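Visitor: Generate a structure from the sequence data that follows.
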Amino acid sequence: MSAPVVALSGGVGGAKLAQGLSDLVDGEALTVIVNTGDDFEHLGLHISPDIDSVVYAMAGLDDPRRGWGRRDESWAFMAALTALGGPDWFALGDGDLAMHVERTRRLAAGVRLGAVTQALATALGVRARIVPMSDDAVRTRVHTDQGVLAFQEYFVHRRCEPRIRSFRFEGVERARAHAAAIGALRDPGLRAVVICPSNPFVSIDPILAVPGMRAALGQVCAPVIAVTPIVGGRAVKGPAAKMLAELGLAVSGESVAQHYAGLIDAFVFDVADGQAPAPAGPPGMRGFRLDTLMRGPEERRRLAAEVLALADRLAAEGFTGRAGRVRALDPSG
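Guide: From the prediction side, this is the model:
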């Protein structure tokens, strides 16, 4: 049985590394804590874009061409909706629609989001634990030069065109971290925590904003490693680069590493960002360079294996910059 591993993930980029980890970590030994700040109600349905990206990737159903949704999708529903004059700005494929309908049905019956998520993932053959950051509603609001926008309104409907000013996670003060997420982070046998290459502001920050999550992450007895979502001054997918620039930050891995200062032990920069030794980042954080681009399943597994090897190396060296003391070798602290 594999030693337990926890991953924090947003959508597409994070889902790729989560899928790579699932190929190397046995079944339920892998827990993926997923952002639900992107969740929203659309056409009367509860839609969880990041959860679905992770589930589809880990089930081998993700679409490698579009980068989102299910592969081999059909679009009869959207064509019919458009013909009726319905809101067609958020594309729902026919297979994807089934996921949203079944999730909404179970939630309406009183089943909590975490239980619904695991049941749907299991039905699609996923053996790892996929855990929402909270069963409670937390919604990302984007403060822009065009007003305060719901995340999907900003991201999909307006195509990230408004300029970013700040973010707010509505409802987070009342939310409770999912018990399975906290339990996984507190596991004394934990091998590693991996912050996947997801947008730090709207994919990882909502997870960390849930009360208790940041404290639990700071107390884990294993190395915490984040992987850059920025390669060669650009985001691999999504608006992370645009957000960094509009917030007055350099579009670089160094900016993301600084964003995680005090929470992680090591940061993985991409090899495209220079051949010199990786920047150390903030005090107490080590930097490493890897090829972080994941063009297919083999590269997902390769990067996952390299990140886990880094965690093993850090544990063997007793390095945990967060606490400034050896915790990996002495979990009792």
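Visitor: only C-alpha atoms for contact and neighbour calcs from this point on.
Guide: Noted.
Visitor: Leaving aside the residues adjacent along the chain, what's closest to residue 269?
Guide: For residue 269, ignoring the flanking residues on the chain, the nearest one in space by C-alpha to C-alpha, 6 or more residues apart in numbering is residue 289 at 4.8 Å.
Visitor: and the one you found, how many neighbours?
Guide: Applying other C-alpha atoms under 10 Å, we find 20 residues neighbouring residue 289.
Visitor: Check for me that it belongs to a strand.
Guide: Yes: according to DSSP: H, G, I helix; E, B strand; the rest coil, residue 289 belongs to a strand.
Visitor: The helix or strand of the chain with the lowest mean pLDDT packs against which elements?
Guide: Scoring the helices and strands of the chain by mean pLDDT, DSSP states H and E places strand 234-235 at the bottom, with a mean of 86. Contacts defined by 3 or more C-alpha pairs under 8 Å, 6 or more residues apart in numbering; DSSP states H and E place strand 234-235 against no helix or strand at all.
Visitor: immediately after it, which helix or strand?
Guide: helix 240-246 (DSSP states H and E).
Visitor: Now do the buried residues in the next helix or strand after that following helix.
Guide: Downstream of helix 240-246, the first helix or strand assigned by DSSP H and E is helix 253-259. In terms of neighbour count (16 or more other C-alpha atoms under 10 Å), helix 253-259 has its buried residues at 253-258.
Visitor: Please apply the same query to stretch 292-306.
Guide: For stretch 292-306, by 16+ other C-alpha under 10 Å, it's 292-294, 297, 299-305.
Visitor: Which of those fall within helices?
Guide: 297, 299-305 (DSSP state H).
Visitor: Among these, which one lies nearest to residue 194?
Guide: Distance to residue 194 across those (C-alpha to C-alpha) is lowest for residue 304, with 9.3 Å.
Visitor: which residues does that closest one contact?
Guide: 17, 20-21, 24 (C-alpha atoms under 8 Å, 6 or more residues apart in numbering).
Visitor: before we move on, back to that, hmm, the residue nearest to residue 269 is touching residue 271, no?
Guide: Yes: with contact defined as C-alpha atoms under 8 Å, residue 289 and residue 271 form a contacting pair (5.4 Å).
Visitor: would TSV of the buried residues of helix 253-259 with distance to residue 209 and pLDDT be doable?
Guide: Listed next are these as TSV, based on distance: C-alpha to C-alpha, whole Å; pLDDT from 0 to 100:
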residue	distance to residue 209	pLDDT
253	22	92
254	22	92
255	19	94
256	17	95
257	18	93
258	17	93
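Visitor: Where does the prediction get shaky in the stretch 151-300 of the chain?
Guide: By pLDDT under 70, the weakly predicted segments of the stretch 151-300 of the chain are 274-283.
Visitor: hmm, 80 instead?
Guide: 273-284 (pLDDT under 80).
Visitor: What segments of it are strands?
Guide: With DSSP state E, counting those that start in this stretch, the ranges of strands along the stretch 151-300 of the chain come out as 164-170, 192-195, 224-227, 230-231, 234-235, 266-270, 286-290.
Visitor: Now do the first one: everything it contacts.
Guide: Counting by C-alpha under 8 Å, 6+ apart, strand 164-170 makes contact with 37, 138-145, 201-202, 206, 209, 243, 246-247, all of which sit outside it.
Visitor: out of those residues, who has the most neighbours?
Guide: That'd be residue 37 among those, by other C-alpha under 10 Å, with 32 neighbours.
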